[in-house]
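**Student:** Okay, here's the prediction I keep looking at, along with the sequence it came from:
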Amino acid sequence: MPAHTKGKYNLRQRKKLKLGEFQELGFDVTAKLTKELSQEERTAFIDALIAAIDDMGLLFGGGFNGGFEGFVVVDALRGSVSKEQRNAFKTWLESRAELKDVVVGPLKDAWYST
């Protein structure tokens, strides 16, 4: 934890603010669609996404906005996405025929990153 964070806040404050040793990590994801999806294709993709996210112990916020984009965090009261979870989700996205140009960002602070 950065020295300035530890000295500025006590343990209770760091926990409440999710700073220092209580920091929670997630990652951004973007991809382009290989083609415009029909309603049935979109629904099938979303169903598969929900199943994959659940199986990996993750949560996804985002959707389709001219492409596919969102942010991924761990499905827990507190905690961070692991490198293994991030890599597994990246592999899953890259295996989907609906997506191309998949970009999975590095792990970063889920509360204070821009």
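**Tutor:** Done, it's in. Numbering: from 1, shown residues only.
**Student:** Every contact and neighbour count from this point should use C-alpha atoms.
**Tutor:** Noted.
**Student:** if I look at the spatially most central residue of the chain, how far off is Glu36?
**Tutor:** Centroid-nearest residue in the chain: Val72, 1.3 Å away (criterion: CA atoms, centre = their mean). Going from Val72 to Glu36 by CA to CA, to the nearest Å gives 24 Å.
**Student:** Just list what the host helix or strand of Ala44 packs against, helices and strands only.
**Tutor:** Taking DSSP states H and E as the definition, Ala44 sits inside helix 39-56. Other elements packing on helix 39-56 under the criterion 3 or more CA pairs under 8 Å, 6 or more residues apart in numbering; DSSP states H and E are helix 83-95.
**Student:** pLDDT averaged over the helix it packs on - what is it?
**Tutor:** For helix 83-95, the mean per-residue pLDDT is 97.
**Student:** which residues of this structure score low on pLDDT?
**Tutor:** Along the chain, segments meeting pLDDT under 70 span 1-6, 15-22, 113-114.
**Student:** need the longest strand for it.
**Tutor:** strand 25-33 (DSSP state E).
**Student:** Any idea how many residues pack against Ala88?
**Tutor:** 15 (other CA atoms under 10 Å).
**Student:** give the contact list for the residue nearest to it when sequence neighbours are not counted.
**Tutor:** Spatial nearest neighbour of Ala88, chain neighbours left out: Met56 (7.8 Å); criterion: CA to CA, 6 or more residues apart in numbering. Taking CA atoms under 8 Å, 6 or more residues apart in numbering, we find Met56 in contact with Gln85, Ala88, Phe89.
**Student:** Distance check, the nearest residue to the first one once chain neighbours are set aside against Lys100.
**Tutor:** Put plainly, it is Gln85. Of all residues not flanking Gln85 in the chain, Met56 sits nearest, at 6.5 Å (CA to CA, 6+ apart). Taking CA to CA as the measure, Met56 and Lys100 are separated by 21 Å.
**Student:** Thank you, goodbye.
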